[in-house]
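Trainee: Can you look at this prediction? I've put the sequence above it.
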Amino acid sequence: MIGVLRRLSRYRPHAVVETAAAAEGRLGLLAQVAATWCVLAALDLALNLTLPESEGRSGLPLPARLAAVCADLAGLTLALLAAVGAGLLVGPVGRRLPLPAPVRAVLLGRRPVLVWVLVLGYVASWGMYGVVGKFLDAEGVAFWLAQPIQIFYWVDPYLAAALLVASIGLAWTLATWLPRRVARIEPSSQQEFVRFTGALVLLALVGALLGELTMGRRLSPLVLEPPYLSLRDDRAGPFAHVLGQVAGSLRREPDAMARLDTMGIKRRPLVPMASYLATVDRERVKRWNVVVIIVESLRADQLRAYGARRDVMPAVDALAGEARVYANAYTQASHSSYASPVPVSSHYPLRTRRTYTYPKDFPYPRVMMYDVLKPLDYGTGIFSSQNEHWEGMINYLQTAGLDRFFHPEVFKGPTYTMEGDTGFSSWVKSTKHAGSVDDHFTIDEAIRWVDERKEQPFFIALNLQNSHLPYVVPDGFPRRFGPAQPGFSVAFGMWPRDKAPVVKDLYADSLAYVDTQIERLLRHLRARGLWDRTVIVVTGDHGQAFYEHGFSAHASALFDEVMRVPLIIRAPGLSPGIDRRPAQHVDIAPSVFDLLGLLPHPSFQGMSLIRGPQDPNRSLYMVVQTPLAHQYALVRGPYKLIFDVRGGRYLLFDLSSDPEERSDLAPSRPDLLEALATRLLAWRDAQVDYYARPARYTREYPPVLDD
């Protein structure tokens, strides 16, 4: 008994020491978390005060700005708690899981690497905000990871390098330097520091809660959200943005209004190509050549035919003088991966509720113009200056109906990149993911291929890219509008707002260069005697923004500077003039077939613009799904409705009295808003529902609303 007591007495002091050490370790961990919170909070506040479109420059009252800051700090608190909790669980759980050795090494023994991955996301989010005014979210991360080489192609390499260095430095600070610094502080001082940080956290949580209660209440899902919510979710900081995205995902979208039975929906059965061709009277089909020219980022207002005050594209304007000019034409999307395939497919690009990348093997039916023309003895080709691997477009466009598919991957000459680095150009071309060809070479290839057709009719679709940011034109090309050296960097969303007129002049010069290449092709068709038996279509894949609504370039919100495009159709015997009927890109293929004497293929979702009744209230539908925006839009009559998914709000404009889309009518016209929203969401739901049901692929084509 005495021996047992002695052993107990011997172990009691050790247990006390061990408990004290554990408590000290917990205090040290809390102090490290508190220090990390303070560093990131100070960094967030500093960036908010220095970068544009932040709380400090939003123009909202001071309480709103303070509440938005508190919301971001509350998000930071939750993020740190989640990271610490995950870190505490990773060790015990990770040791039991059958993980690969590299993964186990990172999770269990490489904390700096894990911290760097998280910090890289934080730094990249702020970098993206500094460039395009949008923070990174889960959809954005998926977008970047799907095509990292192509993204790098369009990003300023100096900025990318700076963000990489900053992420490494911040990760080292948080994972190595800060823990060592905190460990040298006396426990009593650590305790005081933890209490002080806790008070700041509590203050932030209270401020965020007060802001939500007093300024964040939504009056109606149909009314524009309070300015505070837009500030909190979009401009307060990356942590508040993530919280806003989580809240938005939990909020039910207003699809209760979208009753598909309120509108007629045409569901057309699949038709074998042989059955469709059996209806074709080959003796009556006009064996005219077809040339479809898609110009990157071509706004309608850059042409004289659409009201331009200067001669930016004289060759295209001359063509418009002998063509049908559609004055009220829209693209289907504000980004190329969705917009570019529409003219040849006549399919709306909306297929899911999230960003869509074209898969390798297509489960659903699609019939391109050239799939019909090739069995009618046409030569068929696509000639693109952009690499069609972007978002998998090549998977969608390349079918058995195509004889030739030219794009940078197969071009043996030089490609160009943002900085003109030919070494990088060669590398990205070899990866099949980036690089662009100068439009001069693309037109050369198209002319050479056309000459090889001899007397065979041909179909060609051209995608010209020199008018893409950064508006590259060759040295020696005479600039008529902008300076050869602007004195500042011009990249995607990365140029000073006060330089918009200068950048617009650079854009005009790039369009002028594209115009000279189009002129070469048109001149060659005339010289070959092909002019009187050729249909020519000229349009833009989308337009281009110059901060008219707070953003630049494209792939963002569905305002008219990005969505209104020229649509010019020239054909033998087609009377020239201005046609003001509503038109959209899905109408191009049916219109071309009408000119050739072909019935529209039952897969087409558009309608012919050549003849038939003109309905001024016909609906035109649009979509954007990118890291910069997620919206749907409808133009019907004089009205335009935009539904912003991430903000959960509607914008309503009367284009007849407000063509610049400045006065939102949503709060004052609830009946009109509901009627248009029902129609817009019915279109969205019909599209998404079709592509979500593989059983329909075997029996019917994508649906068409009867409107």
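Mentor: Thanks, I have it.

Trainee: now His524, nearest residue through space, not along the chain?
Mentor: Ile447 (5.2 Å; CB to CB, 6 or more residues apart in numbering). For every residue, glycine as well, the C-beta is placed using N, CA and C.

Trainee: For the one you found, what is the enclosing helix or strand?
Mentor: Taking DSSP states H and E as the definition, Ile447 sits inside helix 439-452.

Trainee: Show the subsequent helix or strand relative to that helix.
Mentor: In N-to-C order, the element after helix 439-452 by DSSP H and E is strand 458-464.

Trainee: that older thread, how many residues are close by the residue nearest to His524?
Mentor: Number of residues near Ile447 (other CB atoms under 10 Å) recorded here: 18.

Trainee: separation between it and Ile518?
Mentor: 12 Å (CB to CB, to the nearest Å).

Trainee: Likewise for Ala68?
Mentor: Noted for Ala68: a distance of 48 Å to Ile518, by CB to CB.

Trainee: Please identify which of the two sits among more neighbours.
Mentor: Ala68 (30 against 22).

Trainee: Flag every buried residue along stretch 71-89.
Mentor: Along stretch 71-89, these residues count as buried under the neighbour rule (16 or more other CB atoms under 10 Å): Ala71, Asp72, Leu73, Ala74, Gly75, Leu76, Thr77, Ala79, Leu80.

Trainee: Can you lay out the residues you listed as a markdown table showing secondary structure and pLDDT?
Mentor: As requested, the buried residues of stretch 71-89 are exported to a markdown table (DSSP: H, G, I helix; E, B strand; the rest coil; pLDDT from 0 to 100):
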| residue | secondary structure | pLDDT |
| --- | --- | --- |
| Ala71 | helix | 87 |
| Asp72 | helix | 88 |
| Leu73 | helix | 89 |
| Ala74 | helix | 89 |
| Gly75 | helix | 87 |
| Leu76 | helix | 87 |
| Thr77 | helix | 89 |
| Ala79 | helix | 85 |
| Leu80 | helix | 84 |
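
Trainee: wait, which of the residues you listed is closest to Ala308?
Mentor: Asp72 (43.6 Å; CB to CB).

Trainee: Okay, strands next: where are they in the stretch 451-600 of the chain?
Mentor: Remark: strands assigned in the stretch 451-600 of the chain by DSSP state E, counting those that start in this stretch are 458-464, 534-540, 545-546, 552-553, 567-570, 577-584.

Trainee: can you pull the pLDDT of the closest residue to Ile518 other than its chain neighbours?
Mentor: The shortest distance from Ile518 to any non-neighbouring residue, by CB to CB, 6+ apart, is to Ala315 (5.5 Å). pLDDT recorded at Ala315 is 98.

Trainee: I figured Ala315 hits Leu522, correct?
Mentor: Yes - between Ala315 and Leu522 there is a contact at 6.6 Å, judged by CB atoms under 8 Å.

Trainee: Let me know the secondary structure of Ala208.
Mentor: Secondary structure, DSSP: H, G, I helix; E, B strand; the rest coil: Ala208 is helix.

Trainee: In contact with it, which residues are there?
Mentor: When contacts are counted by CB atoms under 8 Å, 6 or more residues apart in numbering, Ala208 touches Ala67, Cys70, Ala71, Leu73, Ala74.

Trainee: same question, Ala315
Mentor: Asp515, Thr516, Ile518, Glu519, Leu522.

Trainee: let's go with 7 Å and repeat that
Mentor: With contact taken as CB atoms under 7 Å, 6 or more residues apart in numbering, Ala315 is in contact with Asp515, Ile518, Glu519, Leu522.

Trainee: re the thing from before, quick one: the strands of the stretch 451-600 of the chain as CSV, columns for distance to Tyr507 and mean neighbour count too.
Mentor: Shown next, in CSV, are the strands of the stretch 451-600 of the chain (distance: least, CB to CB, whole Å; neighbours: other CB atoms under 10 Å):
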stretch, distance to Tyr507, mean neighbour count
strand 458-464, 14, 26
strand 534-540, 12, 23
strand 545-546, 8, 21
strand 552-553, 10, 24
strand 567-570, 19, 25
strand 577-584, 24, 17
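
Trainee: Any idea which of those has the lowest pLDDT on average?
Mentor: Among the strands of the stretch 451-600 of the chain, strand 552-553 carries the lowest mean pLDDT (a mean of 88).

Trainee: so what does it touch, helix or strand wise?
Mentor: Judged by 3 or more CB pairs under 7 Å, 6 or more residues apart in numbering; DSSP states H and E, the packing partners of strand 552-553 are strand 545-546.

Trainee: contacts for the strand it packs on?
Mentor: Ala500, Val503, Lys504, Phe551, Ser552, Ala553, His554, Ser556, Glu561, Val562.

Trainee: and stretch 170-180, how far out from the chain's middle?
Mentor: Per CA atoms, centre = their mean, to the nearest Å, the displacement of stretch 170-180 from the mean C-alpha position of its chain is 35 Å.

Trainee: buried stuff in that stretch?
Mentor: By neighbour count with 16+ other CB under 10 Å, stretch 170-180 contains the buried residues Leu170, Ala171, Thr173, Leu174, Ala175, Leu178, Pro179.

Trainee: Give the bridge partners for Leu651, please.
Mentor: Assessed by DSSP bridges, Leu651 has beta-bridge partners Ile642.

Trainee: Make 41 the starting number, not 1.
Mentor: With the count now opening at 41, the last piece we talked about shows up as Leu691.

Trainee: and the gap between it and Ala717?
Mentor: In terms of CB to CB, Leu691 sits 11 Å off from Ala717.

Trainee: Look up the closest residue to Arg493, ignoring the ones flanking it.
Mentor: Distances taken as CB to CB, 6+ apart put Gly419 closest to Arg493, at 4.8 Å, once the chain neighbours are dropped.

Trainee: which one of the buried residues of stretch 210-220 sits closest to Gln584?
Mentor: Using CB to CB, Leu210 comes nearest to Gln584 of the buried residues of stretch 210-220, at 34.9 Å.

Trainee: is it true that that closest one touches Val159?
Mentor: Yes - here Leu210 reaches Val159: they are 5.0 Å apart, a contact under CB atoms under 7 Å.

Trainee: Would you map out the domains in the protein?
Mentor: 61-290, 300-745 (automatic domain parsing).

Trainee: Where among these is average confidence lowest?
Mentor: Among the domains of the chain, domain 61-290 has the lowest mean pLDDT, at a mean of 75.

Trainee: Quick check: His480 vs Ala358, distance?
Mentor: His480 is 20 Å from Ala358, by CB to CB.

Trainee: How about Ala82?
Mentor: From Ala82 to Ala358 the distance is 60 Å (CB to CB).

Trainee: Does anything pack onto the helix holding Ile487? Which helices or strands?
Mentor: Against helix 479-492 (3+ CB pairs under 7 Å, 6+ apart) you get strand 419-424, strand 498-504, helix 540-567.

Trainee: Comparing these, which comes out most buried?
Mentor: Comparing those by mean neighbour count (mean count of other CB atoms under 10 Å), strand 498-504 ranks first with a mean of 26.

Trainee: Tell me the strands beside it, with direction?
Mentor: strand 329-335 (parallel), strand 419-424 (parallel).

Trainee: Give me the contacts around that strand.
Mentor: Counting by CB under 7 Å, 6+ apart, 329-336, 380, 384, 409-410, 413, 418-426, 479, 482, 486, 490, 554, 557 sit against strand 498-504.

Trainee: How far off centre is it?
Mentor: 24 Å.

Trainee: angle of it against strand 574-580?
Mentor: 20 degrees (axes from the mean of the first three to the mean of the last three CA atoms, to 10 degrees).
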